[in-house]
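> model the following, please.
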Amino acid sequence: MKKFPLLILGALCIYACNNAPQNNSFSQVLSNTESIVGKPEYLASPYLTPGDKTYMVGHQDGTFPDLGWHVTGEMGGIWNHPIKLMDGFSAQISKDGAAYCLDSAKQFVNYPFANSHEFEVEALKLTATRKQFVPDGEEAAYVEYELTNNSEKIQKLTFTFNGFVDLRPVWLGERSGMIDAKDEVKWNESIQGIEGKDVNNDWHVVYASTLEPESHDLNASTCDYERNGMGANAWLSYTLEIPPYGNAVIPFVIAGSDESKAEAISSLKKVQANAGEMLQTKASRYQAIADKAKLTIPDKKLEEAFRWVKYNTDWLINEVDGLGRGITAGNSDYPWFFGADSEYALQGAMAIGMKDIVYSTIQMIDSVSNAVNNGSGKIIHEMSTNGVVFNPGNLNETPQYATLIWEVFKWTGDKDFLRKYYPTVEAGLDWLLKENDEDGNLLADGYGMMEIHGLESEMIDVAAYTYKAFVDAAEMAEVLGKTAQAENYRSKAEKLAEIINNDFWVDEFSSYADFIGRAKDANHLIEGAIVRADTLNKPWAVEELKATQRSVSQYPANKKQGFVLYHNWVVNTPMEVGVAEPEKAIKALNTGSKYVNPFGMFVTGIDRDESAGTDDSGFAKKMKIFSYTGAVMTLPTGVQAIAENNYGRPDNALEYLQRMTNSFSYALPGSMYEVSPDFGMHAQAWNIYSYAVPLVKQFFGIEPMVHLNQAVIQPKMPSTWEEASLERIRVGDNELSISYRKTAEGVRLVVTQTDAAFRLVFPQEGASIKVIQGNLLNETNGQTELSGAEVEVLIN
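So this is what the prediction gives:
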């Protein structure tokens with residue numbers, strides 16, 4: 001991997017210059033940065049230029065077509081939440097009466113913090129490269145065009161930049177009083193550029209170059225752009241002379257504000273004056289991301305995917321004034337905040353050291369949940385960036401929140417954090433059973449992760465996550481000195497474990513049930529499942545469901561029992577949380593392995609067909625409308641990897657990670673789609689859970705317990721990995737690095753740490769542990785405890 005350069009950058013070149021890359025800071029930074037080239041067949045698909053205050057979404061070919069469905073066709077362009085600034089922009093080169101639009105890039109290249117599009121204007125012997133990035137913390141985007149004259153003659157050209165202003169609110173804006181109106185554009189002499197404003201709102205956008213334009217035109221269009229909505233266009237035109245085999249660089253800054261024109265202009269001028277420094281700052285910050293939780297393994301594709309999934313997680317950070325800073329669920333259609341998505345993603349983010357964003361996301365989710373749910377402890381499902389909560393919560397979010405809080409506490413040992421959020425955990429578990437468990441059997445009734453209409457009985461994922469919540473809440477209660485409450489929570493967890501392994505287990509299918517319900521309630525679900533399977537032409541599923549229907553017709557109408565209908569991925573959650581009895585777990589994992597394709601687990605097993613396991617084609621081309629039917633997703637695949645590791649099968653876990661990694665860079669270089677390999681969100685937050693937990697916590701076996709000043713180290717490494725290392729894992733104020741190597745004598749583990757007094761615990765569990773280096777503190781209760789700046793053990 002190339003290192004991001006540590007350079008002192010001057011001002012970016014803004015006019016015709018000799019072909020001297022050292023004068024072009026952007027090109028120099030990118031030339032020393034790792035990158036991935038996109039596939040030609042996916043040039044007509046989205047990319048993301050990430051930023052925490054502003055971001056840009058367009059197509060890899062350099063255009064900005066209508067994208068997305070939450071606000072139909074409007075989820076692309078340039079966003080400064082809670083408003084959109086522009087649908088995008090176009091660039092046109094003219095000479096001798098002929099015009100050439102830069103709208104068919106021949107190549108797209110993605111970088112961790114920037115992207116570039118390369119165009120060829122063959123008639124002019126000209127290459128045009130468009131590069132862009134969004135500075136950290138700024139409500140602005142920087143776009144730079146570099147024009148290279150590949151001829152032996154000087155070229156005098158006209159360059160036209162056309163901005164497609166579209167100031168409009170985010171999804172659900174009407175619920176918060178944000179009503180879209182017509183946009184107006186004006187020439188602004190002070191910035192030598194264009195200003196745009198929504199006529200009824202203080203929403204503003206400005207754009208300009210540091211070059212003075214030859215001319216401008218309002219409400220004009222270039223490149224045959226057809227507008228939808230109430231926006232407006234305006235272009236800026238520049239005359240350039242490019243020497244033989246020389247180049248010219250033309251920068252633009254696009255800035256916005258939902259407060260005032262003055263704020264937008266201030267952002268524009270700040271970025272114009274400091275773009276080079278801001279670029280270097282972002283490059284250095286992404287180098288730090290690469291260096292933390294740095295993975296070195298024999299599987300280089302998996303290694304690269306893990307590194308970029310760390311970048312992807314940072315891409316999805318969004319800070320909204322007045323609302324907060326957090327990791328959003330996915331781009332382009334879910335660039336806002338979720339309960340469940342955060343509860344998965346933040347566990348992974350914590351394992352790679354992203355403590356600050358984990359804390360701020362939890363703060364936002366907790367405060368909003370308590371506000372909209374009257375302090376009940378119920379956790380929201382989905383909130384737009386205007387603060388409007390669309391869904392106040394499904395059942396799974398509330399118990400998953402308890403597990404998240406305990407997991408974060410284990411990594412930090414921060415008792416103030418635990419005291420702050422434990423009341424929400426306590427209230428939430430009380431609400432979960434008092435308000436949703438009518439028959440008092442510890443199984444809450446209602447929707448979990450599977451949002452299939454009618455599937456709102458006693459769901460397996462809600463039961464599994466509730467079990468884990470009580471286990472984790474008991475640990476929290478103990479730390480806080482609430483012994484009686486801890487015993488109560490443990491008692492509930494034990495009862496739920498028995499229910500899950502008895503009542504949810506369906507031996508006929510070697511699987512845990514999708515749900516527990518009455519026969520009379522299951523009938524309409526079976527009918528719906530048959531229709532779905534038949535519509536999708538899955539004859540095996542239709543046959544299986546009809547057999548189930550015949551069996552159910554013989555059941556007493558009011559008898560409650562477990563039903564296997566959909567083979568939803570959530571039937572694997574008992575193994576994910578470790579509640580499944582080992583014998584049943586292995587059977588269930590083997591059953592789950594039938595519902596895969598080369599990219600991972602089907603969300604709904606009955607969507608599998610005879611090509612399952614062999615079809616490695618894209619998903620997007622099969623979909624005429626937006627739907628998750630037939631989907632294979634990264635989260636179910638990651639959950640399956642975690643589940644396999646929990647039951648001592650790291651080779652199986654590795655296989656799922658490799659399946660998932662087959663979708664890495666499939667469509668968007670450097671990213672993984674929500675629906676594998678190329679559908680739905682082109683960047684997805686929960687992917688870090690699917691990678692970081694199996695790799696950091698299971699393969700390398702790091703189980704932090706910072707409040708005890710220790711971490712358990714118990715690797716469960718794939719058999720094919722002879723050596724591996726993981727560097728700079730943050731555990732409290734300590735930082736660990738682990739080196740794993742197989743030798744003829746056994747496995748050699750070397751652990752270095754910045755806090756020599758921090759205790760490292762190596763469970764023996766049938767293995768012998770020979771201490772080669774380190775301070776031996778204890779060797780009892782089946783474990784060896786060591787300290788020291790460098791610890792080395794031999795395990796055999």
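> which residues touch stretch 534-542?
Stretch 534-542 has contacts (Cβ atoms under 8 Å, 6 or more residues apart in numbering) with 529-530, 533, 606-610, 629-630. C-beta: built from backbone N, CA, C; applies to glycine.
> repeat for stretch 621-634
For stretch 621-634, contacts defined as Cβ under 8 Å, 6+ apart pick out 69, 532, 536, 569, 596-597, 599-604, 607, 619, 660, 663, 672-676, 679-680, 684, 686-687, 690.
> next one: stretch 417-436
Contact partners of stretch 417-436, identified using Cβ under 8 Å, 6+ apart, comprise 359, 362, 366, 369-370, 375-379, 395, 398-399, 401-402, 405, 408-409, 440, 442, 444-446, 466, 469-470, 473, 476-477, 479-480, 485, 489.
> what sits closest to residue 396 if chain neighbours are left out?
Among residues not flanking residue 396 along the chain, residue 448 sits closest, at 4.3 Å (Cβ to Cβ, 6 or more residues apart in numbering).
> for the one you found, the count of nearby residues, please.
30 (other Cβ atoms under 10 Å).
> correct me, but it touches residue 395?
Yes. In this structure, residue 448 is within contact of residue 395 by Cβ atoms under 8 Å, at 5.6 Å.
> hey, what's in contact with both of those two?
459, 462.
> enumerate every residue touching residue 546.
If you count contacts by Cβ under 8 Å, 6+ apart, residue 546 has them with residue 530.
> which SS state does it fall under?
Secondary structure, DSSP: H, G, I helix; E, B strand; the rest coil: residue 546 is helix.
> against residue 713, how distant is it?
51 Å (Cβ to Cβ, to the nearest Å).
> could you do residue 27 as well?
44 Å.
> buried ones among the contacts of stretch 534-542?
Using 16 or more other Cβ atoms under 10 Å as the burial test, those include 529-530, 533, 606-609, 630 as buried.
> got CSV for these, with distance to residue 778 and secondary structure too?
Below are those laid out as CSV (distance: Cβ to Cβ, whole Å; DSSP: H, G, I helix; E, B strand; the rest coil):
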residue, distance to residue 778, secondary structure
529, 55, helix
530, 60, helix
533, 57, helix
606, 52, helix
607, 52, helix
608, 50, coil
609, 56, coil
630, 54, coil
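> least confident pick among these?
Within the buried ones among the contacts of stretch 534-542, residue 609 has the lowest pLDDT, namely 73.
> the residue nearest to that one when sequence neighbours are not counted: neighbour count?
Nearest residue to residue 609 in three dimensions, chain neighbours excluded: residue 538, at 5.6 Å (Cβ to Cβ, 6+ apart). For residue 538, the neighbour count with other Cβ under 10 Å is 20.
> show me the shaky parts of the stretch 51-200 of the chain.
Within the stretch 51-200 of the chain, no stretch falls below the threshold (pLDDT under 70).
> where exactly do the strands run in the stretch 251-400 of the chain?
294-296, 317-320, 324-327, 330-331, 337-338, 382-383, 389-391 (DSSP state E, counting those that start in this stretch).
> which one's the longest helix in this protein?
helix 261-291 (DSSP state H).
> which stretch of helix or strand covers residue 551?
helix 539-552 (DSSP states H and E).
> from residue 315, how far out is the residue most central in space within the chain?
Nearest to the geometric centre of the chain sits residue 685, at 1.6 Å (Cα atoms, centre = their mean). Going from residue 685 to residue 315 by Cβ to Cβ gives 9 Å.
> report the buried residues of the longest helix of the chain.
By neighbour count, with 16+ other Cβ under 10 Å as the criterion, the buried positions of helix 261-291 are 261, 263-272, 275-276, 278-283, 286-287, 289-290.
> mean confidence score for that helix?
97.
> residues contacting the residue lying farthest from the centre of the chain?
Most distant residue from the mean C-alpha position of the chain: residue 153, 48.5 Å away (Cα atoms, centre = their mean). For residue 153, the contacting residues are residue 244, by Cβ under 8 Å, 6+ apart.
> so it, which of the three states?
With three-state DSSP as the basis, residue 153 sits in coil.
> need phi/psi at it.
Backbone geometry at residue 153, expressed as degrees, to the nearest 10, gives phi -120, psi 150.
> and it, how far is that from residue 238?
Taken as Cβ to Cβ, the span from residue 153 to residue 238 is 20 Å.
> go on, residue 646?
Using Cβ to Cβ, residue 646 is found at 61 Å from residue 238.
> and the two? Which one has more around it.
residue 646 (21 against 18).
> ok, the more buried one touching residue 582?
No. Contact between residue 646 and residue 582 fails when scored by Cβ under 8 Å: they sit 9.8 Å apart.
> which element is residue 773 on?
Secondary structure assigned from DSSP H and E places residue 773 in strand 769-780.
> tell me the buried residues in that strand?
By 16+ other Cβ under 10 Å, the buried positions in strand 769-780 come out as 769, 771, 774.
> just give me the neighbour total for residue 226.
Taking other Cβ under 10 Å as the criterion, the count of residues near residue 226 is 6.
> shouldn't it be within a strand?
No. Going by three-state DSSP, the assignment for residue 226 is coil, not a strand.
> need the helix or strand of the chain with the lowest average pLDDT.
The weakest-scoring helix or strand in the chain, judged by mean pLDDT, DSSP states H and E, is strand 16-17 (a mean of 40).
> name the residues of the very next helix or strand once past that strand that are buried.
For strand 16-17, the following helix or strand on the C-terminal side (DSSP H and E) is helix 25-31. Neighbour-count burial for helix 25-31, counted by 16+ other Cβ under 10 Å, picks out 25-30.
> what does the helix or strand following helix 25-31 rub up against?
The helix or strand immediately downstream of helix 25-31 is strand 36-37, counting by DSSP H and E. For strand 36-37, the external contacting residues (Cβ under 8 Å, 6+ apart) are 107-110, 308, 665, 669-670.
> quick one: residues contacting the residue nearest to residue 136 when sequence neighbours are not counted.
The shortest distance from residue 136 to any non-neighbouring residue, by Cβ to Cβ, 6+ apart, is to residue 282 (5.6 Å). Contact partners of residue 282, counting by Cβ under 8 Å, 6+ apart, are 113-114, 133, 135-136.
> what about the helices in the stretch 51-200 of the chain?
Using DSSP state H, counting those that start in this stretch, the stretch 51-200 of the chain contains no helices.
> can you check the stretch 301-450 of the chain too?
Going by DSSP H, counting those that start in this stretch, the stretch 301-450 of the chain shows helices at 339-351, 355-372, 397-412, 415-436.
> distance to residue 217, mean pLDDT and mean neighbour count added to these, as JSON lines?
Formatted as JSON lines, the helices of the stretch 301-450 of the chain follow (distance: least, Cβ to Cβ, whole Å; pLDDT from 0 to 100; neighbours: other Cβ atoms under 10 Å):
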{"stretch": "helix 339-351", "distance to residue 217": "44", "mean pLDDT": "98", "mean neighbour count": "26"}
{"stretch": "helix 355-372", "distance to residue 217": "43", "mean pLDDT": "98", "mean neighbour count": "19"}
{"stretch": "helix 397-412", "distance to residue 217": "51", "mean pLDDT": "98", "mean neighbour count": "25"}
{"stretch": "helix 415-436", "distance to residue 217": "55", "mean pLDDT": "98", "mean neighbour count": "18"}
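> need those helices in JSON lines (columns: distance to residue 761).
Converted to JSON lines, the helices of the stretch 301-450 of the chain look like this (distance: least, Cβ to Cβ, whole Å):
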{"stretch": "helix 339-351", "distance to residue 761": "18"}
{"stretch": "helix 355-372", "distance to residue 761": "22"}
{"stretch": "helix 397-412", "distance to residue 761": "13"}
{"stretch": "helix 415-436", "distance to residue 761": "21"}
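> what's the closest of those to residue 655?
helix 339-351 (19.7 Å; Cβ to Cβ).
> what about dumping the CA coordinates of the closest one to CSV?
What follows is helix 339-351, C-alpha atoms only, in CSV (Å, rounded to 0.1, in the frame of the first residue of the first chain):
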residue,chain,number,x,y,z
GLY,A,339,-31.0,2.6,15.7
ALA,A,340,-30.2,-1.0,14.5
ASP,A,341,-27.7,0.0,11.9
SER,A,342,-25.8,2.0,14.5
GLU,A,343,-26.0,-0.9,17.0
TYR,A,344,-24.2,-3.1,14.5
ALA,A,345,-21.8,-0.5,13.0
LEU,A,346,-20.7,1.0,16.3
GLN,A,347,-19.6,-2.4,17.7
GLY,A,348,-17.3,-2.7,14.6
ALA,A,349,-16.2,0.9,14.8
MET,A,350,-15.2,0.5,18.4
ALA,A,351,-13.0,-2.5,17.5
